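>>> need coordinates for the below:
(2 chains)
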Amino acid sequence: SAVISQKPSRDICQRGTSLTIQCQVDSQVTMMFWYRQQPGQSLTLIATANQGSEATYESGFVIDKFPISRPNLTFSTLTVSNMSPEDSSIYLCSVGNQERTQYFGPGTRLTVL
Amino acid sequence: GNSVTQMEGPVTLSEEAFLTINCTYTATGYPSLFWYVQYPGEGLQLLLKATKADDKGSNKGFEATYRKETTSFHLEKGSVQVSDSAVYFCALSVVTGKLIFGQGTTLQVKP
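Next up is the predicted model:
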């Protein structure tokens, strides 16, 4: 399986600011996804990151709040904009293969004060 | 729609006890089924998977069988260890490749 890294691993931010999370994969992959895991909760898909085009967002998530870039087949970023304490979560990227199996990065633990 | 339901936790067991975590699903079409594990402070790791009915996924002593007739994918292990303490997530994937997760079950194993 691909090796996935995320930066930063954790951060503490002030409300009203923005944070950009990077996801790097060690091989080219077709499918990349971003998930949110709120404290003590399960994972919720934010969006599918599409290479060379706009991300596909799930219901309840919008581009203005969670802009996503995917400039190539090994890299993607997720920005959490105009943060509030409700945005405190773990944000995870994942990559998918042809067998519909997804592998996850280590996550970014975000605390908003 | 597509959904996954897991038994509520936490599940507390003594070391070497038998483990079952129930998972049932609702899906259109033919989903693939997965169990992921999240150890404290870490990301998700794929534990096992099954892609069609009657397939059995297995890894590290854990097993789960894809039961289409009961729409279930229960996780089992014959003898748990303290190191198995974690949160376990059942998930399904449909043709779009999206993963839909259950709510997670916390397992605590006491020595």
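>>> all strands of the chain, in order?
Just so you know, I chose chain A. For chain A, strands defined by DSSP state E occupy the ranges A:4-7, A:10-13, A:19-25, A:31-37, A:43-49, A:56-57, A:68-72, A:75-80, A:89-96, A:102-104, A:108-112.
>>> other chain: chain B
Assignment of strands within chain B using DSSP E yields the ranges B:3-6, B:11-14, B:19-21, B:23-26, B:32-38, B:44-50, B:56-59, B:62-65, B:75-77, B:86-93, B:99-101, B:105-110.
>>> now render those as CSV, adding distance to chain A and mean pLDDT.
Backbone N, C-alpha and C define where each C-beta goes, glycine included. Converted to CSV, the strands of chain B look like this (distance: least, Cβ to the nearest Cβ, whole Å; pLDDT from 0 to 100):
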stretch, distance to chain A, mean pLDDT
strand B:3-6, 9, 95
strand B:11-14, 16, 97
strand B:19-21, 14, 97
strand B:23-26, 12, 97
strand B:32-38, 5, 96
strand B:44-50, 4, 96
strand B:56-59, 11, 97
strand B:62-65, 15, 98
strand B:75-77, 15, 98
strand B:86-93, 4, 96
strand B:99-101, 5, 93
strand B:105-110, 9, 96
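>>> minimum distance to A:Thr44: which of those has it?
Nearest of the strands of chain B to A:Thr44, taken as Cβ to Cβ: strand B:99-101 at 7.9 Å.
>>> which strands border that closest one, and is each parallel or antiparallel?
Strands that pair with strand B:99-101, judged by DSSP bridges, come out as strand B:86-93 (antiparallel).
>>> how far does the strand it pairs with sit from the chain's center?
Strand B:86-93 sits 5 Å away from the centroid of its parent chain (Cα atoms, centre = their mean, to the nearest Å).
>>> which residues touch residue 78?
All of this is about chain A. A:Leu78 makes contact with A:20-21, A:23, A:34, A:46, A:49, A:66-68, A:91, A:93, according to Cβ atoms under 8 Å, 6 or more residues apart in numbering or on different chains.
>>> ah, no, chain B please
Going by Cβ under 8 Å, 6+ apart, B:Gly78 touches B:18, B:61.
>>> same question, the one 4 residues further on
Under the criterion of Cβ under 8 Å, 6+ apart, the neighbours of B:Val82 are B:15, B:109-111.
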